[in-house]
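*Asks:* got a predicted structure plus its sequence, pasted below:
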Amino acid sequence: MKAAVLHAKGDIRYEEVEDPKITEDEVLVKVRASGICGSDIPRVLGDAAHFYPIILGHEFSGEIVEVGKNVKNLKIGDRVVGAPLLPCFKCSDCQKGWYSQCKNYSFIGSRRQGSFAEYIAIPARNAIKFDESIPFEQAVFFEPSTVALHGLRCVDFKGGEDVLVLGAGTIGIFTLQWARIMGARCICVVDIKDERLKLAKEFGADFVVNATEEKFTEKISELTKGRGFGYVFETAGSTETIKFSFEFVSNKGCVCLIGTPTKDIAFSPHLFEKINRKEFHLTGSWMSYSAPFPGIEWELTSQYFSDKRLKFSNKLIYKTFHLKDIKEAFELFKSPENVKGKVIILS
């Protein structure tokens with residue numbers, strides 16, 4: 001088959017590789033679409049790959065073309081997405097259903113060959129069926145949606161509260177949608193790009209605020225008359241937005257850090273003291289899994305995409321490339337400020 005193989009930093013090649021072979025508990029998927037995740041970028045443009053050569057890619061959809069002899073719940077022709085985590089199912093965290101905290105996990109597209117290829121072999125339990133009404137390109141967004149929903153589950157989200165979403169990228173858009181579905185009273189989204197904020201409005205945000213505007217913090221505070229937001233979801237992973245989380249959360253509220261920071265963060269004593277004074281709950285959110293594996297996050301995403309309660313727009317997609325042109329796709333990320341949505345690779 002053809003695949004995009006990363007041989008070294010910046011050296012990704014479209015070439016022929018051996019076809020994957022499935023075990024009796026696996027399925028072979030003809031990959032139709034794969035999204036470039038933020039975690040793929042430092043692996044291609046930097047030195048973050050675990051080994052070489054490697055086929056990256058973990059946000060993917062396709063159709064089953066072969067099933068192992070032990071697989072009973074899937075058949076040839078089923079349209080599926082792949083849940084990329086491969087937990088050991090044996091460690092103490094896995095035994096509790098905390099698969100994201102598995103001590104011995106593997107992961108499709110980073111520790112095991114991934115989906116930037118014509119075919120991929122995956123365990124049957126990692127294949128989630130989706131309705132034929134959902135295009136393959138839309139199904140690429142299953143994983144970002146599950147990440148957002150997992151964040152809400154980490155704070156035991158309940159309706160009736162005001163919600164602040166910091167960052168209007170893909171994860172932020174799905175975070176605001178899940179908050180709306182689950183009964184948020186009012187949702188405000190903050191970003192530094194007007195085009196993202198416009199999209200957030202289209203997806204159901206009640207208010208949007210550009211963080212580059214003068215006195216933007218006052219505008220945000222006015223929305224709750226100074227009370228703060230019951231839930232704050234940080235999805236950008238930046239130093240500034242993480243600090244804003246502490247400022248804007250209400251007394252006894254919840255802050256969930258979904259974004260992954262890439263720089264050291266220092267807090268002034270005054271800002272850090274807000275944890276004490278407000279007694280708010282602070283948690284991280286990592287990946288998107290729960291018991292029974294892969295979890296309700298994946299089940300609900302499939303259901304809500306199918307019945308259109310979870311909305312999708314092609315505006316979430318910036319550009320599509322054929323697999324043979326993947327090197328050109330990664331060139332875009334040398335100027336990431338110009339990338340205005342998901343970049344998708346079609347096989």
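*Replies:* Received the coordinates, thanks.
*Asks:* now the helices for the protein?
*Replies:* Taking DSSP state H as the criterion, the chain carries its helices at 40-45, 92-95, 136-139, 142-154, 170-181, 194-202, 216-223, 239-248, 269-278, 296-306, 326-331.
*Asks:* so which of these gets nearest Leu28?
*Replies:* helix 136-139 (16.4 Å; Cβ to Cβ). All C-beta spots, glycine's among them, are computed from the backbone N, C-alpha and C.
*Asks:* helices or strands up against that closest one?
*Replies:* Contacts defined by 3 or more Cβ pairs under 8 Å, 6 or more residues apart in numbering; DSSP states H and E place helix 136-139 against strand 26-35, strand 59-67, strand 79-82.
*Asks:* who does the longest one pair up with?
*Replies:* Pointing back at strand 26-35 there. Taking DSSP bridges as the criterion, strand 26-35 forms sheet pairs with strand 59-67 (antiparallel), strand 119-123 (antiparallel), strand 342-346 (antiparallel).
*Asks:* and if you look at the shortest one?
*Replies:* Taking DSSP bridges as the criterion, strand 79-82 pairs within the sheet with strand 59-67 (antiparallel), strand 127-129 (antiparallel).
*Asks:* just the CA trace of the first one, in PDB.
*Replies:* Coordinates of each C-alpha in strand 59-67 appear next as PDB, following Å, rounded to 0.1, in the frame of the first residue of the first chain:
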ATOM      1  CA  GLU A  59      -8.000  11.100  13.700                       C
ATOM      2  CA  PHE A  60      -9.400   8.900  11.000                       C
ATOM      3  CA  SER A  61     -12.400   7.400   9.300                       C
ATOM      4  CA  GLY A  62     -12.900   4.700   6.800                       C
ATOM      5  CA  GLU A  63     -14.600   1.500   6.000                       C
ATOM      6  CA  ILE A  64     -13.900  -2.100   7.000                       C
ATOM      7  CA  VAL A  65     -12.500  -4.400   4.300                       C
ATOM      8  CA  GLU A  66     -11.500  -7.400   6.400                       C
ATOM      9  CA  VAL A  67     -12.500  -8.800   9.800                       C
END
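*Asks:* what angle do it and helix 142-154 make?
*Replies:* 110 degrees (axes from the mean of the first three to the mean of the last three Cα atoms, to 10 degrees).
*Asks:* list the buried ones in strand 59-67?
*Replies:* Going by neighbour count (16 or more other Cβ atoms under 10 Å), the buried part of strand 59-67 is 59-62, 64, 66-67.
*Asks:* cool, the shortest one as well?
*Replies:* By neighbour count with 16+ other Cβ under 10 Å, strand 127-129 contains the buried residues 127-128.
*Asks:* from the chain's centre, how far out does it sit?
*Replies:* How far strand 127-129 lies from its chain's middle: 17 Å, per Cα atoms, centre = their mean, to the nearest Å.
*Asks:* likewise stretch 208-217?
*Replies:* Centre-to-centre, stretch 208-217 and its host chain are 26 Å apart (Cα atoms, centre = their mean).
*Asks:* what does it rub up against?
*Replies:* 168, 188-194, 197-198, 200-201, 219-220, 240-241, 244, 247 (Cβ atoms under 8 Å, 6 or more residues apart in numbering).
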